[in-house]
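[1] I'd like to go over a predicted model; first the sequence, then the structure.
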Amino acid sequence: MVNPVQDAAALKAILDEVVKEVREAAPGIRDQAVAEAEEHGRPAPAKADFETFGIAVHTRTGELVASGNAGVSFPIQSISKVFALEVALEAIGEKLWKRIGREPSGDPFNSIIDLERDKGIPRNPFINAGALVVCDILVGLGGKAGPNRHVVRLLEKLLEDSTLDFDPRVMDSNRTGGDLNRSLMFMASHYGNLRHPVDKVMEAYIHQCAITLDCRGLARAGRFLMLDDPDDADEVTVAAARRARRILAVMMLCGQYDGSGDFAYRVGLPAKSGVGGGILAVAPHRASIAVWSPALDPMGNSWLGTLGLELLTKKTDWSVFGRARR
């Protein structure tokens, strides 16, 4: 096999194949999704949501290759939790884990029962309760004014000073319909694990979830997670590499909510999904990968995005579990 990391033309051909195969599979997947929705009394997914799919890959050698609807912007939603975790770990280090666990939850991502069971300590930083505690930490960091300016500033830096856009519909929806998230914060506060006003933390969370990127931008933003073995490593770079390895571990275990085990089996890469339909995946030492398609499975992960990543890893042999024998 040609190493696609070293050959942009070969990688482009692979991505085009992935897009073609995903689009061919989309009608059957939609039929499956409709049948499951009817069986469980859920609204059927929209047909149009299965008609778009984008993918972009940023390799370690600096190539950015894309295919499909990779230029369509979408709210990154819970993918923002990866960048918030990076800011918090850089700021306070291992002390973070006194307030948040590192285990899969086994419950829905917005479960308040799980938070009560663990006396205000969220199971991991990617469920909503954990992300809100991370936001509470960021609110306490000070610095530039504005809700969660820390995550915005990190993304602007990763995107080389690009100005970010925000999805107004996501901001309005989270403000008017965020009662469960507020309840999670009140529960955490009851156990002494929220240090700032609920409304202030909520605004920080709303702003990071409403950030919009396309697949190209998201793949570029994820580069910091793949460069974890620098040849000439100064102290700052070594610290960043250690954070990246820890973040990738949590992404592998918890990044797709209750679908993380199935995703690890099918794809074999650390990843984080968002209900905007995006998924950020990382092939360590190789590439940062972003996919997008808005139709979501019952776990809140992109149907076609997951399939696209599964096809990509089969075609490239990118997996944290080693290369397949041929």
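    Thanks, I have the structure now. In this text, all values refer to a predicted model and were calculated from it rather than measured experimentally.

[2] From now on I want contacts and neighbour counts done on CA atoms only, so please keep to that.
    Will do.

[3] does the closest residue to residue 270 other than its chain neighbours belong to a helix or a strand, and which?
    Among residues not flanking residue 270 along the chain, residue 252 sits closest, at 4.1 Å (Cα to Cα, 6 or more residues apart in numbering). Per DSSP states H and E: residue 252 is located in helix 235-254.

[4] Could you list every helix and strand that that helix packs against?
    Packed against helix 235-254 by the contact rule (3 or more Cα pairs under 8 Å, 6 or more residues apart in numbering; DSSP states H and E) you find helix 80-92, helix 223-226, helix 260-266, strand 271-273.

[5] Need the winner for burial among those.
    Among the helices and strands packed on helix 235-254, strand 271-273 has the highest mean neighbour count (mean count of other Cα atoms under 10 Å), at a mean of 30.

[6] Show me what that one packs onto, helices and strands only.
    Judged by 3+ Cα pairs under 8 Å, 6+ apart, strand 271-273 is in contact with helix 235-254, strand 278-283.

[7] Select, out of the helices and strands packed on helix 235-254, the one closest to residue 301.
    strand 271-273 (6.0 Å; Cα to Cα).

[8] Adjacent strands (with direction) for that closest one?
    Strand 271-273 has these partner strands in its sheet, going by DSSP bridges: strand 278-283 (antiparallel).

[9] can you give me the angle the strand it pairs with makes with helix 80-92?
    The directions of strand 278-283 and helix 80-92 differ by 60 degrees, with axes from the mean of the first three to the mean of the last three Cα atoms, to 10 degrees as the criterion.

[10] For stretch 140-156, list every residue counted as buried.
    When burial is assessed from 16 or more other Cα atoms under 10 Å, stretch 140-156 yields the following buried residues: 147-155.

[11] Give me the contacts around that stretch.
    80, 83-84, 87, 91, 135, 138-139, 162-164, 196, 200, 203-205, 207-208, 221 (Cα atoms under 8 Å, 6 or more residues apart in numbering).

[12] What does the nearest residue to residue 72 once chain neighbours are set aside show for phi and psi?
    Among residues not flanking residue 72 along the chain, residue 214 sits closest, at 5.3 Å (Cα to Cα, 6+ apart). Phi and psi for residue 214, reported as degrees, to the nearest 10, are phi -100, psi 180.

[13] Need the per-residue pLDDT for the residue nearest to residue 270.
    Per-residue confidence (pLDDT) for residue 252: 97.

[14] Can you give the distance of stretch 49-65 from its chain's centre?
    Remark: stretch 49-65 is offset 15 Å from the chain centroid, using Cα atoms, centre = their mean, to the nearest Å.

[15] Please indicate which of the contacts of stretch 140-156 are buried?
    Listed as buried from those are 80, 83-84, 87, 135, 138-139, 196, 203-205, 207-208, 221; burial here means 16+ other Cα under 10 Å.

[16] Among the residues you listed, which pair sits farthest apart?
    Maximum pairwise distance in the buried ones among the contacts of stretch 140-156, criterion Cα to Cα, is 28.6 Å, between 196 and 221.

[17] what sits against residue 79?
    For residue 79, the contact set (Cα under 8 Å, 6+ apart) comprises 209, 272-274, 278-280.

[18] Ignoring the adjacent residues along the chain, who's closest to residue 206?
    Leaving aside its sequence neighbours, residue 206 sits nearest to residue 171 (Cα to Cα, 6+ apart; 5.8 Å).

[19] any idea which of the helices and strands packed on strand 271-273 scores lowest on pLDDT?
    When I compare these, helix 235-254 is least confident, with a mean of 91.

[20] next one: it to chain centre, how far?
    For helix 235-254, the distance to the chain centre is 14 Å (Cα atoms, centre = their mean).

[21] Convert the C-alpha atoms of it to CSV, please.
    Extracted C-alpha coordinates of helix 235-254, given in CSV (Å, rounded to 0.1, in the frame of the first residue of the first chain):
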residue,chain,number,x,y,z
GLU,A,235,10.3,21.5,28.0
VAL,A,236,7.1,23.2,26.7
THR,A,237,6.8,20.8,23.8
VAL,A,238,7.2,17.8,26.0
ALA,A,239,4.5,19.0,28.4
ALA,A,240,2.2,19.6,25.4
ALA,A,241,2.9,16.1,24.2
ARG,A,242,2.1,14.6,27.5
ARG,A,243,-1.2,16.5,27.6
ALA,A,244,-2.0,15.3,24.1
ARG,A,245,-1.5,11.6,25.1
ARG,A,246,-3.8,12.0,28.1
ILE,A,247,-6.5,13.8,26.1
LEU,A,248,-6.3,11.1,23.4
ALA,A,249,-6.8,8.4,26.1
VAL,A,250,-10.0,10.0,27.3
MET,A,251,-11.2,10.5,23.7
MET,A,252,-10.7,6.8,23.0
LEU,A,253,-12.7,5.7,26.1
CYS,A,254,-15.3,8.4,26.3
